[in-house]
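>>> Coordinates for the following, if possible.
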Amino acid sequence: MTRRSLFLVAQLTKRWGSRYSHCGKTIWAEQTIPGHAPVPADIQQASA
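Numbering: from 1, shown residues only. Reported below is the predicted structural model:
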């Protein structure tokens, strides 16, 4: 991804980040879905 792409991801998401692995780099992002309650962080951690 380019810097411009990451800028757009940062502007349009609640949270985002990157992770390196032996296969390359993974960019992840979280968005809020209108009309739905957000999932608490402790539940997100338990399912990961």
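
>>> For the residue nearest the centre of the chain, name its beta-bridge partners.
Nearest to the geometric centre of the chain sits Ala29, at 1.7 Å (Cα atoms, centre = their mean). Note on Ala29: beta-bridge partners by DSSP bridges are Trp16.

>>> Stretch 15-29: end-to-end distance?
6 Å (Cα to Cα, to the nearest Å).

>>> any idea how far that stretch is from the chain center?
9 Å (Cα atoms, centre = their mean, to the nearest Å).

>>> Kindly report the same for stretch 27-34.
5 Å.

>>> Report the mean per-residue pLDDT for it.
For stretch 27-34, mean pLDDT is 83.

>>> low-confidence ranges in the chain?
1, 38-48 (pLDDT under 70).

>>> try 80 this time
1-3, 33, 36-48 (pLDDT under 80).

>>> Mind listing what's buried along the longest helix anywhere in the chain?
In terms of residue count, the longest helix belonging to the chain (DSSP state H) is helix 3-12. By neighbour count with 16 or more other Cβ atoms under 10 Å, helix 3-12 contains the buried residues Val9. Heads up, the C-betas are built off the backbone N, CA and C, glycines and all.

>>> how far out from the middle of the chain is that helix?
For helix 3-12, the distance to the chain centre is 11 Å (Cα atoms, centre = their mean).

>>> can you list contacts of that helix?
For helix 3-12, contacts defined as Cβ atoms under 8 Å, 6 or more residues apart in numbering pick out Met1, Trp16, Ile27, Ala29, Gln31.

>>> Now with 7 Å, please.
Trp16, Ile27, Ala29 (Cβ atoms under 7 Å, 6 or more residues apart in numbering).

>>> what's the answer for stretch 13-26, then?
Taking Cβ under 7 Å, 6+ apart as the rule, stretch 13-26 contacts Val9, Ala10, Ile27, Trp28, Ala29, Glu30, Gln31, Thr32.
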